[in-house]
Each structure stands twice: as structure tokens, then as C-alpha cells.
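Novice: no sequence on hand, only this structure:
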């Protein structure tokens, strides 16, 4: 099941859970969630939960919305009742340090204190980095839009279980304007590319280990297309597209691949290989997190 948690009391976790228990932390405000749902058919947390359910059919997934005023949020003790915590992307910029952002940083610190395995995508990486003492900035190279190209694992990344199965160079869905400028203490850099030196990391802070990426292994082609259409005016201003017709041609191609990843002419036109076209390969990092971090830690906690 997927449970939406906003202001109701957080449920107490059973001492021995039959199902895997995961908390998805939504990074957006209520207004941004509504816009995402209107453009993409689901909020980021809903889409993320759907991916987790496909990868772990035995999972019971709850959602938290720390950007909502008065949101009921678990403390470290409550978070310890989960087998894993996943942080979504967001339309926010962390250096604005609004109350909505501070609440998410505080929650991330509680996750670290709880010892619960945590995974962050894009904004999730930035929140976890900030909570652990790192620094995030606007990327001076500009926006990485649609797909992060030629991501290269570091020496540490080549032997790291999060990137197990990834080749020496790969592409991944990505939409971000900000990047990690200074790694937090306890961070191991796992992958980089020409747009952002920090594309994948492991962060050890408090009692927990976080795996996080600047890209979006949870995204489908359709989600990338929907985001592109939603921010089309900005993308035209930034030089990604000449006009709305070009945006729509690009989006139509991505929608076609969403419907049929074997559409060779479209895949060739955009230079996509199996790392993007194969859903399982595209979600490599999340699948590895579930199998190498979440399930073993659950067992070690005696929660089988």
C-alpha cells in the first residue's frame, strides 16, 4: 500500500514487520506538487513510490511532506521504524533557506541520527549534503537538462555497490540547475561528468549511510518530457530550444520512447543506449540501494 502522511499522527512501526517499510520524503511545496501532478499526472513522491513498489512489491510505502506548514514529521525514533527513506527532487533552491527548506534539512538530520538507510535523487542529494555540512550552489555551467551525459564513476565508484552494473560511462535522466560545490565531511565521491563534478556520492553521517545521485534514476521518459514542457519558456531563454515547436518535437520523441523503448529511429536520433532505454538499467542505483542497503540493514535490525 501507499499511505499519504500530512498532519495525522505518524504510525508506530511494528517491532517485526512482515513487509518492507519505506518512507518517501517529498521535496516540493503543496503548490509545486499540484503543478507537477497537473503536468505529469502524479506528484514526484507518488511517482517515486510507484517505482519503489515495482522494484520491491513487498514494500509498504508512506509519504511525508516537510515543506507543508504544520506537517507532522517523524523524529529519529520514528524514522528508525522504517527500513529505508527516499528523498525526491524539488523545484526549490537550497541556498534560499526558506522555512520549507530548513524543515527538510532538519528532517534529513533526523534521518542520519536514526541510522536508517537513505537514498536521495537530485534535490535529495543536495538536502543530504547540506544536512551533513556540505555546500550547494547554482551551477556556473548552467542547467543540466533532460539527460546527464557521460557520467563516469570514480575509482571509488567503480567498486561501489550503488553503481554495480553500471558501465565505465553512462547517461541518466537529469533536470537540475544547482550542484554540490563542497562535499560534506564523511562523503565519498562516486561519479562525475563534465556538467557537475558531483554526480553520485556516499555520505556517512550520524548513524546512517546515504547514497545519493544528482540525476534521476526514478524518472521515465514521459516525466522528463513533462518537465520540459512545464518550464519551456525558461528553456528557450537559456538556449535549449529555438521555439515551442522544438520543445514539442523533443517532448513527442520522449513520449514515443515512453510508449515503446524499442523505437530505434527515435533512440538513434537522441543518442540513447540501453542505460536509458532499459527501465531496469535506468533504475540501477535505486535497485542496488534496496538490495544492498535496505534489506540487509532490515535483517541486521532483526526486522525480518
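Specialist: Done, it's in. Because the structure is predicted, anything quoted here is derived from the model rather than measured.
Novice: how many residues are close by residue 115?
Specialist: Neighbour count for residue 115, taken as other Cβ atoms under 10 Å: 16. C-beta coordinates here come from the backbone N, C-alpha and C atoms, glycine included.
Novice: from now on call the first residue 633
Specialist: OK, 633 is where the count begins now, so the last one is residue 747.
Novice: so it touches residue 714, yeah?
Specialist: No: Residue 747 is not in contact with residue 714 according to Cβ atoms under 8 Å; the separation is 10.5 Å.
Novice: wait, what's in contact with residue 780?
Specialist: 803, 804, 805, 806, 825, 827, 828, 831, 846, 847 (Cβ atoms under 8 Å, 6 or more residues apart in numbering).
Novice: where do the helices of the stretch 733-882 of the chain begin and end?
Specialist: Counting by DSSP state H, counting those that start in this stretch, the stretch 733-882 of the chain has helices at residues 755-763, 787-790, 853-862, 864-869, 876-891.
Novice: separation between the nearest residue to residue 660 once chain neighbours are set aside and residue 852?
Specialist: Nearest non-adjacent residue to residue 660, counting by Cβ to Cβ, 6 or more residues apart in numbering: residue 722, 5.1 Å away. Residue 722 sits 18 Å away from residue 852, going by Cβ to Cβ, to the nearest Å.
Novice: who's more crowded, those two?
Specialist: Here residue 722 and residue 852 are compared on neighbour count by other Cβ under 10 Å; more neighbours surround residue 722, at 26 against 22.
Novice: that older thread, kindly give a single ChimeraX line that selects the buried subset of the contacts of residue 780.
Specialist: Buried subset of those, written as a ChimeraX selection, criterion 16 or more other Cβ atoms under 10 Å:
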select :803,804,805,806,825,827,828,831,846,847
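Novice: possible to save the contacts of residue 780 as TSV with distance to residue 929 and pLDDT?
Specialist: Below are the contacts of residue 780 laid out as TSV (distance: Cβ to Cβ, whole Å; pLDDT from 0 to 100):
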residue	distance to residue 929	pLDDT
803	30	98
804	25	98
805	27	98
806	28	98
825	30	98
827	32	98
828	29	98
831	24	98
846	24	98
847	24	98
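Novice: sorry, back to before: doesn't the residue nearest to residue 660 lie inside a helix?
Specialist: No: per DSSP: H, G, I helix; E, B strand; the rest coil, residue 722 lies outside any helix segment and is coil.
Novice: how near is it to residue 699?
Specialist: Distance from residue 722 to residue 699, by Cβ to Cβ: 8 Å.
Novice: what sits in contact with each of the two?
Specialist: Common neighbours of residue 722 and residue 699, using Cβ under 8 Å, 6+ apart, are 659, 660.
Novice: list the strands paired with whichever strand in the chain runs longest, with their directions.
Specialist: Longest strand of the chain, by residue count under DSSP state E: strand 776-785. If you go by DSSP bridges, strand 776-785 pairs up with strand 802-808 (antiparallel), strand 819-824 (antiparallel).
Novice: of those, give the one that comes closest to residue 879.
Specialist: The closest of those to residue 879 is strand 802-808. By Cβ to Cβ, the value is 13.8 Å.
Novice: that closest one versus helix 853-862: what angle between them?
Specialist: Interaxial angle, strand 802-808 versus helix 853-862 (axes from the mean of the first three to the mean of the last three Cα atoms, to 10 degrees): 30 degrees.
Novice: tell me the angle strand 802-808 makes with helix 755-763.
Specialist: 70 degrees.
Novice: what sits up against strand 802-808?
Specialist: For strand 802-808, with Cβ under 8 Å, 6+ apart as the criterion, the contacting residues are 721, 754-755, 771, 775-783, 828, 845-849, 851, 853, 855-856, 859, 904-905, 907-908, 914.
Novice: now a PyMOL select for only the buried ones of those residues.
Specialist: Filtering the contacts of strand 802-808 down to the buried ones (16+ other Cβ under 10 Å) takes a single PyMOL command:
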select buried, resi 721+754+755+771+775+776+777+778+779+780+783+828+845+846+847+848+849+851+853+855+856+859+904+907+908+914
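Novice: on that earlier part again, chain center to the longest strand of the chain: distance?
Specialist: 14 Å (Cα atoms, centre = their mean, to the nearest Å).
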